[in-house]
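Enquirer: structure for this input, please:
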Amino acid sequence: MQLLGVILLAALPSLAATQVPAQAVPAQVAVAVGAVRSYRQDRTLINGFVRIPHALLDAVTIGAGGFAEFRLDVAVVDARGNSLATDSWTRRVPWLARPARGSASVEMVTFTVDTGDYEIRAIVKDSASGRQSTATLPVHAFRGRPSASDLLLASEIRRATPGDTAASVGELRKGDLRITAGTDLALSPTQAVLFYYGEVYRDSAGDVPWALRVRSTDGRVIVTAPGAPAAIAAGGGVITGSVDLAGLPPGSYLAELVVGAGRDSATRTAPFRMTGFELEQKLAEQAQTSGAAADMFAQLTEARADTLFAPLFYLAPMSELSVYRGLTLEGKRRFLREFWRQRDPTPGTPDNELQAGFYQRLAEANRRFREGGAAEIPGWRTDRGKILILRGEPDEIMRRPSNGPSNPWEAWRYTRPRPLKYVFYDQTRLGNYQMIYTDDRNERSMPGWERLVGQDAVEEIARF
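Expert: Numbering: from 1, shown residues only. Sure thing, here's the model as predicted:
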């Protein structure tokens, strides 16, 4: 057996295991294990997920910088009880996130196995109290190449943008796809899009018909979303997409991916839940009784909360942000509220100038610097947008349009709080600018950037 690696993922209830026992769907107050299987070179590749609710943890320290901590021991054993692989590691959880209802961490373990039956065993030990919690999950490796992998469900699947070589926190990497990862998918009226991912294995290339269906617990087909035949290469390929389930009543459902036709078809299923507005109603009542109706975070939808959270990695380390993806909607609102409260330069006053300025600059970056044409890379994710958000408007901008074989570039200069320069270069001539040089020690210059702009431009930048 080969253990491929262990990666920390921030939990987002998003990825449902298929063809595994019911305990793969986690209770909110217990450690839970889920898994999905795919096929790799005569072996079964298993992505396992261990969900650790923060309600199980006590504080190691409280106050500024306070945290809880847990140790996770994971073992993969065969049918005879022989341990084939073990690993263990310790994680810290910022204490401000601990009280949020439903908050949790998700740890991911990836491994490959030969044909046979196995079990993933997880032991979580709280560092403060010494309490231990355990969970197990049987996993059955494929007996030869299957027709298709297990079905993965997610709250979002996106394609990597140019230069996006690593998955973000809370994402599982599958080729050029980034899939938000967790152990259970729960949609809501304000976030009702179901994303799905499956792999198909074939000897020869060809177009393969497929469809996604949604069934109720009594087996009735409620939604059918047929897709255009997928062009599958010899050996295999991927089927992925999304379906908007707005209006689906609260309850438990089964997503069903049907690939192929007739006897040459394969069906893979995965469970998910649709929740109602109960949480939003409760929060509205709490806001009214507490006098916090004016709180900008109190009535956020989950999609809006995620939008406000996404750019915060410009301001805080991932160790502080990683917990967010595992929170309930209420927890996400509390996280954002506490994040900005701790950074309020004038506590006790109605306004948080840092928060307001950050989001104003973010909106301006989105207005001015969107890149990528049809890809629609938001402005805040571009290099120019990042610097605008962090530094504000530059004191001076020097722009040089394309001239013959020379590509366009521009330089930004700041004088406060200290002199800084940033040079952005458009190699595409389509308005997609990349930062190639800066004297800011917190940013990186591109090696050999001088060759891109030429010696005359280098001298001009030096005088700027």
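Enquirer: the lengthiest helix in the chain - contacts with which helices or strands?
Expert: Using DSSP state H to define each element, the chain has its longest helix at helix 353-369. With contacts taken as 3 or more CB pairs under 8 Å, 6 or more residues apart in numbering; DSSP states H and E, helix 353-369 sits against helix 383-391. C-beta here means a position set from N, CA and C on the backbone, and glycine is covered the same way.
Enquirer: could you redo the last one with a cut-off of 10 Å?
Expert: Helices and strands touching helix 353-369, by 3 or more CB pairs under 10 Å, 6 or more residues apart in numbering; DSSP states H and E, are helix 302-309, helix 329-341, helix 383-391.
Enquirer: angle of the second one against helix 353-369?
Expert: Put plainly, it is helix 329-341. Computed by axes from the mean of the first three to the mean of the last three CA atoms, to 10 degrees, the angle separating helix 329-341 from helix 353-369 equals 100 degrees.
Enquirer: any idea of the mean pLDDT for helix 329-341?
Expert: Average pLDDT, helix 329-341: 88.
Enquirer: quick one: that helix to chain centroid distance?
Expert: In this view, helix 329-341 has its centroid 18 Å away from the chain centroid, taken as CA atoms, centre = their mean, to the nearest Å.
Enquirer: contacts for the longest helix of the chain, please.
Expert: The contact list for helix 353-369 (CB atoms under 10 Å, 6 or more residues apart in numbering) reads 296, 307-308, 310-312, 314-315, 336, 339-341, 343-346, 352, 377-393, 424, 431-433.
Enquirer: return the helix or strand in this structure with minimum mean pLDDT.
Expert: Sorting the helices and strands of the chain by mean pLDDT, DSSP states H and E puts strand 2-10 at the bottom, at a mean of 32.
Enquirer: next helix or strand past it?
Expert: strand 32-40 (DSSP states H and E).
Enquirer: CA atoms of that next one as PDB?
Expert: Provided in PDB are the C-alpha atoms of strand 32-40 (Å, rounded to 0.1, in the frame of the first residue of the first chain):
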ATOM      1  CA  ALA A  32     -17.000  11.200  11.100                       C
ATOM      2  CA  VAL A  33     -15.200   9.600   8.200                       C
ATOM      3  CA  GLY A  34     -16.200   9.700   4.500                       C
ATOM      4  CA  ALA A  35     -14.500   8.500   1.400                       C
ATOM      5  CA  VAL A  36     -14.700   8.500  -2.400                       C
ATOM      6  CA  ARG A  37     -13.000   6.100  -4.800                       C
ATOM      7  CA  SER A  38     -11.400   6.400  -8.200                       C
ATOM      8  CA  TYR A  39      -9.100   4.100 -10.300                       C
ATOM      9  CA  ARG A  40      -5.500   4.600 -11.000                       C
END
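Enquirer: any buried residues in it, and which?
Expert: Neighbour-count burial for strand 32-40 flags Ala32, Val33, Gly34, Ala35, Val36, Arg37, Ser38, Tyr39 (criterion: 16 or more other CB atoms under 10 Å).
Enquirer: contacts only, for the residue lying closest to Val238 once chain neighbours are set aside.
Expert: Spatial nearest neighbour of Val238, excluding adjacent residues (CB to CB, 6 or more residues apart in numbering): Glu199 at 5.7 Å. Contacts for Glu199 (CB under 10 Å, 6+ apart) come out as 37-40, 45, 146-152, 174-175, 232, 236-240, 259, 268.
Enquirer: so Glu199, which state does it fall into?
Expert: Judged by DSSP: H, G, I helix; E, B strand; the rest coil, the three-state class of Glu199 is strand.
Enquirer: distance check, it against Ala228.
Expert: 18 Å (CB to CB, to the nearest Å).
Enquirer: do the same with Ser129
Expert: Taking CB to CB as the measure, Ser129 falls 55 Å from Ala228.
Enquirer: the more surrounded of those two?
Expert: Ser129 (13 against 9; other CB atoms under 10 Å).
Enquirer: count of residues packed around the closest residue to that one other than its chain neighbours?
Expert: Counting by CB to CB, 6+ apart, Ser129 lies nearest to Asp58, which is 4.7 Å off, once chain neighbours are set aside. If you count neighbours by other CB under 10 Å, Asp58 ends up with 16.
Enquirer: ok, Ala462 next?
Expert: Neighbours of Ala462 (other CB under 10 Å): 8.
Enquirer: over to Arg451?
Expert: 10.
Enquirer: likewise Asn403?
Expert: By other CB under 10 Å, neighbour count at Asn403 equals 8.
Enquirer: ok, now Pro419?
Expert: 10.
Enquirer: and the pLDDT for it?
Expert: Note for Pro419: predicted pLDDT of 92.
Enquirer: try the one 4 residues further on
Expert: According to the model's per-residue confidence, Val423 sits at a pLDDT of 96.
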